[in-house]
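Engineer: Generate a structure from the sequence data that follows.
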Amino acid sequence: MIKANTIRDEICELALMQYNKKYVHGSMGPDTFDCAGLVWYIYYYFYHENIFYKGYGKSTTTMIMTSKYGIITLGNDLSILNNGDIVLFHRQSLKDNIPKIDNKYPGHCGIYLGDNYFIHASGTEKRVLVSSFNNEYWVKKLVASKDIVSDFEKKISV
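Structural biologist: Reported below is the predicted structural model:
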């Protein structure tokens with residue numbers, strides 16, 4: 001059996017191979033992505049499971065957060081993140097003044113790479129890029145993380 005940290009490294013490597021690919025809303029790869037499509041593509045590649053499964057909500061990001069797969073942790077504690085974890089962000093609307101940790105409907109997601117970096121498909125930048133939690137903007141918007149790897153590795157080893 002492959003160790004989880006090896007899988008985590010491979011997840012990050014595959015995610016980084018998507019760097020600079022074009023952002024297209026609703027796209028799930030392999031040549032263009034939106035944020036949830038990028039996350040879906042990476043995990044589908046490794047586990048052949050639809051991580052939207054049994055998720056609810058209006059957006060695919062919310063469906064990832066609420067799906068039956070993974071172990072969700074609410075809040076913005078960076079110390080608990082492992083490379084390969086999904087990071088979920090509050091997407092501020094024009095009516096929101098302050099991002100809230102208790103927002104139940106995140107609108108953006110990415111994959112944590114380690115060392116305070118994550119990869120995501122940015123609608124603003126129109127491409128897949130790497131951003132840093134050293135920028136307080138992202139820390140304030142982080143509402144949850146989801147550990148898909150540990151959940152799938154438990155199921156594989158049973």
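
Engineer: Tell me if I'm right that Ser122 and Leu129 touch.
Structural biologist: Yes. Applying C-beta atoms under 8 Å, one finds Ser122 in contact with Leu129, separated by 5.6 Å. All C-beta atoms are positioned from the backbone trio N, CA, C, and that covers glycine.

Engineer: mind listing what's buried in the helix or strand hosting Phe152?
Structural biologist: Secondary structure assignment for Phe152, by DSSP states H and E: helix 148-157. Neighbour-count burial for helix 148-157 flags Ile148, Val149, Ser150, Asp151, Phe152, Glu153 (criterion: 16 or more other C-beta atoms under 10 Å).

Engineer: Kindly report the same for stretch 15-26.
Structural biologist: Residues of stretch 15-26 classed as buried: Ala15, Gln18, Lys21, Tyr23, Val24 (neighbour count, 16+ other C-beta under 10 Å).

Engineer: Can I get that stretch as PDB, trimmed to CA atoms?
Structural biologist: C-alpha atoms of stretch 15-26 as PDB (Å, rounded to 0.1, in the frame of the first residue of the first chain):
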ATOM      1  CA  ALA A  15      -1.900  20.000  -9.100                       C
ATOM      2  CA  LEU A  16       1.300  21.900  -9.900                       C
ATOM      3  CA  MET A  17       1.300  20.400 -13.400                       C
ATOM      4  CA  GLN A  18      -1.900  22.400 -14.000                       C
ATOM      5  CA  TYR A  19      -0.100  25.700 -13.200                       C
ATOM      6  CA  ASN A  20      -0.900  28.600 -15.500                       C
ATOM      7  CA  LYS A  21      -3.700  26.700 -17.300                       C
ATOM      8  CA  LYS A  22      -6.600  28.800 -18.400                       C
ATOM      9  CA  TYR A  23      -9.600  29.500 -16.000                       C
ATOM     10  CA  VAL A  24     -13.000  28.700 -17.600                       C
ATOM     11  CA  HIS A  25     -16.100  28.800 -15.300                       C
ATOM     12  CA  GLY A  26     -17.600  25.300 -15.000                       C
END
